[in-house]
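Undergrad: Got a predicted model here, sequence first, then my questions.
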Amino acid sequence: MKSQLPLTKKEAISSKEPDPYLNWKRYSSLVFLAVQNAVLVLLGRYSRTAPGEKYISTTAVVSQEAVKLICSAVIILVNEGGIRGLFSQLNENILKAPGDTLRVSVPAILYIVLNNMFYIALSNLPAATFQVLYQSKLLTTAMFAVLMLSQRFSVTKWFSLLMLAVGVAAVQIETTVAKNEKLISSDEQNPILGFSAVIVASLTSGFAGIYFEKILKNSDVSVWIRNIQLALFGVSIGLVTVFVNDGAEVYELGFFHGYNKYTVALILTQAVGGLIVACVVKYADNILKGFATSISIIISCIVSMFIFSFNITPVFVTGTCLVVGATFIYGKAK
């Protein structure tokens, strides 16, 4: 009788029983992400253009990271059966693994940049326009997936990404040459600045998303610990950003100056979105996450027509159809 050899790490992973709830987790997280993205952009645009005192956007970024940190800690607290279990997880995966924790600083820094670009873009672009332009992150995500994960795409997938690029370009041209929104704030808005912020956000989103996906899928550390690591770096780096960029204003007016119910709702929505994205990356993949956000374009367009008197032009409709069509073609391609 032959002795049984110990399983290699790869064999041990492949021998695990499949999760019977995997599909439910995958598609429910995608649905939640699509709805959350639409609500987030609409809230963000309204909070930046509504009459009244404006909040300092860098403080909102820190606040949402703090909320994300608390939510992740509470989830671990419940899953691990109390304070002792939480501290055990933090000690084992953070304090005793400084090198692994430090790896998370890379996406954490990029997410801080991304979140600040989000507020700049929504201060200068209509909500629906931002939603369409921001789908350019699918192009950057695909590019980094090829470079970092050695993924290969079929001709159909590359064609869908080309459609996406053409659609985004059409919407950008329309935004640059015309005012698409009647209800705007008294402050002058700069579509070029908004578009530049979207490009920076797309690049940082693509790289950070793929990097974080690689970290999540190549380790046994839970997604909630990863979120705590991200949030710890996010709060620290975010506070530095606040006092470098807006220190004088914060000192004079206060950290929470201009906050109202819409600001609080926006911060909570943004924080919850970060947790949903982590689940999507864990149970699906980063590009599929991008497709879920494309569904939110339709929601944003419809709601913007009523809330912001958004004027949907033929060029905008054409560009939007190309973007949405590209996502469906990509999703079905092999």
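TA: Thanks, I have the structure now.
Undergrad: now Gly258, what's its secondary structure?
TA: Using DSSP: H, G, I helix; E, B strand; the rest coil as the criterion, the local structure at Gly258 reads coil.
Undergrad: For it, which non-adjacent residue is closest in space?
TA: Nearest residue to Gly258, sequence neighbours excluded (CB to CB, 6 or more residues apart in numbering): Tyr55, at 3.5 Å. Heads up, the C-betas are built off the backbone N, CA and C, glycines and all.
Undergrad: ok, the one you found - how many residues close by?
TA: 24 (other CB atoms under 10 Å).
Undergrad: Over to Ile225?
TA: The number of residues near Ile225, taken as other CB under 10 Å, comes to 22.
Undergrad: From what I see, it and Asn93 are in contact.
TA: Yes - in this structure, Ile225 is within contact of Asn93 by CB atoms under 8 Å, at 4.7 Å.
Undergrad: which SS class is the residue nearest to Gly258?
TA: coil.
Undergrad: Tell me which stretches of the stretch 1-150 of the chain form helices.
TA: 9-14, 22-49, 57-79, 83-90, 98-103, 105-124, 127-133, 137-149 (DSSP state H, counting those that start in this stretch).
Undergrad: circling back to that earlier point, roughly how far apart are the residue nearest to Gly258 and Ser47?
TA: With distances taken as CB to CB, to the nearest Å, Tyr55 is found 7 Å from Ser47.
Undergrad: Cys321 now?
TA: Distance from Cys321 to Ser47, by CB to CB: 29 Å.
Undergrad: Check Ser72 too.
TA: According to CB to CB, Ser72 stands 24 Å off from Ser47.
Undergrad: shaky segments in the stretch 1-150 of the chain?
TA: Low-confidence segments of the stretch 1-150 of the chain (pLDDT under 70): 1-23, 25-27, 29.
Undergrad: still on that earlier bit, ok, the residue nearest to Gly258 - contacts?
TA: Applying CB atoms under 8 Å, 6 or more residues apart in numbering, one finds that Tyr55 lies in contact with 47, 256-260, 263.
Undergrad: Format those residues as a markdown table; extra columns: distance to Glu65 and neighbour count.
TA: A markdown table is the format used below for those (distance: CB to CB, whole Å; neighbours: other CB atoms under 10 Å):
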| residue | distance to Glu65 | neighbour count |
| --- | --- | --- |
| Ser47 | 18 | 26 |
| Phe256 | 15 | 14 |
| His257 | 19 | 15 |
| Gly258 | 19 | 16 |
| Tyr259 | 16 | 19 |
| Asn260 | 20 | 13 |
| Thr263 | 15 | 22 |
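Undergrad: and the residue lying closest to Tyr211 once chain neighbours are set aside, what is it in contact with?
TA: Excluding the flanking residues, the one nearest Tyr211 by CB to CB, 6+ apart is Pro107, at 5.1 Å. Shown in contact with Pro107 (CB under 8 Å, 6+ apart): 208-209, 211-212, 215, 230.
Undergrad: Neighbour-wise, give me the winner out of these.
TA: Neighbour max across these (other CB under 10 Å) = Gly209, 27 neighbours.
Undergrad: thinking it is in contact with Thr141, fair?
TA: Yes - counting by CB under 8 Å, Gly209 touches Thr141, with 5.8 Å between them.
Undergrad: May I have the phi/psi pair for Phe310?
TA: For Phe310, the backbone dihedrals (degrees, to the nearest 10) come out as phi -70, psi 130.
Undergrad: Off-centre distance for stretch 137-147?
TA: In terms of CA atoms, centre = their mean, to the nearest Å, the centre of stretch 137-147 is found 15 Å from the chain centre.
Undergrad: Over to stretch 123-142?
TA: Mean-position distance between stretch 123-142 and its chain equals 11 Å (CA atoms, centre = their mean).
Undergrad: got the end-to-end distance for it?
TA: End-to-end distance for stretch 123-142: 28 Å, by CA to CA, to the nearest Å.
Undergrad: about what we covered before: could you pull up phi and psi at the residue nearest to Gly258?
TA: The phi and psi values for Tyr55, taken as degrees, to the nearest 10, are phi -80, psi 160.
Undergrad: The residue lying closest to Gln135 once chain neighbours are set aside: what's it in contact with?
TA: Spatial nearest neighbour of Gln135, chain neighbours left out: Val323 (5.2 Å); criterion: CB to CB, 6+ apart. By CB under 8 Å, 6+ apart, the contact set of Val323 is 132, 135, 163-164, 167-168, 171, 294, 297.
Undergrad: Write a PyMOL command that selects only the buried members of the residues you listed.
TA: The PyMOL command for the buried members of the contacts of Val323 (criterion: 16 or more other CB atoms under 10 Å) is given here:
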select buried, resi 132+135+163+164+167+168+171+294+297
